[in-house]
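Student: Have a look at this fold, sequence not included:
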């Protein structure tokens, strides 16, 4: 609870234990988990001292799974049930998935998000991602010998609302408490900025396995401010593999490929690409299932030629981001390279030409995102003293709007707005006596609804019959600090109001998540009941501790009756907090929340008042 | 929670006028935001998290509004109950409209010629600088809000034009 958290800068908070929190880079190709230990961010390795977890999940009949290296090793044997690059499917319909025809999966074109039929049943990308996250959670808990209070999970900055929602759902399914969804380039900027005490304007060029982001940030002491972001949520190292794969097929002209051989050649293509980061040519040999031998040599120059169009695709987003930030290329102090795909020489060269300076490669491009996420998780978990932390100001990557007459988009929140952000727009009825209005929420930069992503549809009903144009319907958009949108609408004339909140249609409903959690419990035998009770107890303890500190500091803000009410609620909570009745603890917690709400507001008022009047702004550590 | 009754200037402890000390505003913005931002309330109760999000949202809105000269001017006029977009006010002097048409023709003619577009952009920037200076005089000096509203409307045209030149440059560049 936050009553504790608005301590004056420089004052330490009530002593507490170090809270275990991790940062997770849920990558297209590889995933990592990192934490801050004794003040230093470190990647947590597996039992064999390997940092990366290949983002590969294999399903077996009966529901057992293998995740990571064991799954990757058997990739070519069981391509249909071994899922790679699942991140590409998150929050996506089948028609949005590039090269779906080259994927050896049995896709189900389900509304909202595509699903995959495996030998263990139909799996959604959310469930598959949850397997990866669960493996990382288990690695972290084993390594840190304790339960996590939460995790910061990174997402590509250019992920839209549906993809973010899907990622958050996957974390929930994996039993992780999401402290924050953090944009990957922003995470990298934190790790880089703190490491190098960087100040000024930096560009983060992040080319991962399946996504490309460019973010322009202003770094100053204590503040990381994202000025603009752009990118391509379907461009990454995988596409370079695919080009090499096509080149191999053109060169060798083998008989039509089986699923197994397609997978074999894609792996060979990826290995050749990686080899070319340090060599001038790569030899590709593979024995196909038909007995046919593939043996071709790919020179670096040819590799650059067949992938030229892909490299070009990164240029326009960079220029757009600079323009949105209102900056010229000369004003960029440094370019930080992130993501394994930035190792390719043609990428290094293109970036150097574009920014007219050598890019910065002094951090491991595979690890920097996870490290930055761990550092932010440490801050959010409250492990840093006030004054020794920083402020992170991020933006939404894509404009949010709604459909108006003629299939046109009315923009409600423009891209690159600093989050959290909210906007309301008024609309009116089109026909006499109209009592309902359909609201279609979309995301994207194009003028036509059909060119943007559809996030949600809902109807506002019960509008009192009026002449056309007389009703006043206020549609409100709220984007939270995770970059997630909620929408509500209400009609505000003649005292009649109606409101509805929506969750994007690409996200899973709470009921679906509950069902999946239930299923995963049956499979894993994890004692979710005990876990939930434990979490509640911890929360109750935290609340009691925080409230005591708040009362000690600011009880003078309360009237006698208010103080008595709060004390009574706290006593009631203390009485049940160590018991095992979850409902009783939940009810007591809610009661405390309810009675402390005005107190919290007044404390925040006082805190802001102090910020502006108690001290000169110049003296503040900001 | 912040006081939602305060206007954006009051929120940041700044004088209510067009001329703005940007450094001072940024300091105030960061100081308030670092207290109310949701990152500070991750472990808080639902009520406090909601309050934090609403406060941070309001602070972002205030910052966005005051940072942009045009939005700031419109906001100042709104505080004086002058609606810039009021339909009875939107008739523009014929001379200005004619000039606008000439600008637009020039942009069309310069399409696909990055140098010509860049030159137009520079000419426009000069004109806008004068207009903004005029706006500042009208708002802070003469306090003639009707005339200031006219300046704002003209600048809305010019900002739009600047966007279009930017778009044309982007296309010419691609």
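Tutor: Arrived safely. Values in this document were obtained by computation on a predicted structure and should not be read as measured data.
Student: hey, let's count contacts and neighbours off CA atoms from now on
Tutor: OK.
Student: Show me what the helix or strand containing residue A:240 is packed up against.
Tutor: Residue A:240 belongs to helix A:237-252 when assigned by DSSP states H and E. Applying 3 or more Cα pairs under 8 Å, 6 or more residues apart in numbering or on different chains; DSSP states H and E, we find helix A:237-252 packed against helix A:259-275, strand A:293-299, helix A:300-306.
Student: mean confidence score for it?
Tutor: What helix A:237-252 shows for mean pLDDT is 93.
Student: thinking again about what came up before, kindly reformat the helices and strands packed on helix A:237-252 as JSON lines containing mean neighbour count, distance to chain B and mean pLDDT.
Tutor: Shown next, in JSON lines, are the helices and strands packed on helix A:237-252 (neighbours: other Cα atoms under 10 Å in any protein chain shown; distance: least, Cα to the nearest Cα, whole Å; pLDDT from 0 to 100):
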{"stretch": "helix A:259-275", "mean neighbour count": "20", "distance to chain B": "28", "mean pLDDT": "92"}
{"stretch": "strand A:293-299", "mean neighbour count": "15", "distance to chain B": "29", "mean pLDDT": "94"}
{"stretch": "helix A:300-306", "mean neighbour count": "16", "distance to chain B": "19", "mean pLDDT": "95"}
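Student: among the ones you listed, which is nearest residue A:198?
Tutor: Closest approach to residue A:198 among these is made by helix A:259-275 (30.2 Å; Cα to Cα).
Student: Determine the set of other helices and strands touching the closest one.
Tutor: Secondary-structure packing of helix A:259-275 (3+ Cα pairs under 8 Å, 6+ apart): helix A:237-252, strand A:281-287.
Student: And those: which comes nearest residue A:350?
Tutor: helix A:237-252 (15.2 Å).
Student: ok, the residue of chain B found nearest chain A - how many residues close by?
Tutor: When scored by Cα to the nearest Cα, chain B has residue B:44 as its residue closest to chain A, at 3.4 Å. Residue crowding around residue B:44 was assessed by other Cα atoms under 10 Å in any protein chain shown; the count is 22.
Student: same check, this time on residue A:438
Tutor: Neighbours around residue A:438, by other Cα under 10 Å: 12.
Student: swap in the one 5 residues further on?
Tutor: Applying other Cα under 10 Å, we find 27 other residues in the vicinity of residue A:443.
Student: Just list the residues touching it, thanks.
Tutor: A:160, A:161, A:398, A:399, A:400, A:401, A:452, A:453, A:454, A:455 (Cα atoms under 8 Å, 6 or more residues apart in numbering or on different chains).
Student: mean confidence score for stretch A:98-118?
Tutor: Mean predicted confidence for stretch A:98-118 is 85.
Student: got it, and stretch B:116-135?
Tutor: Stretch B:116-135 comes out at a mean pLDDT of 94.
Student: any residues touching it, and which ones?
Tutor: B:106-107, B:110-111, B:148, B:151-152, B:155, B:158, B:162, B:165, B:168-169.
Student: Kindly recompute the last result at 6 Å.
Tutor: B:110, B:148, B:151 (Cα atoms under 6 Å, 6 or more residues apart in numbering or on different chains).
Student: now stretch A:477-484
Tutor: In contact with stretch A:477-484 (Cα under 6 Å, 6+ apart) are residues A:161, A:180, A:181, A:419, A:420, A:421, A:422, A:423, A:485, A:486, A:487.
Student: So which of the contacts of residue A:443 is the closest to residue A:592?
Tutor: Using Cα to Cα, the contacts of residue A:443 come closest to residue A:592 at residue A:161, 33.0 Å.
Student: Report the separation between the two terminal residues of stretch B:9-18.
Tutor: Chord length of stretch B:9-18, first to last residue, is 10 Å (Cα to Cα, to the nearest Å).
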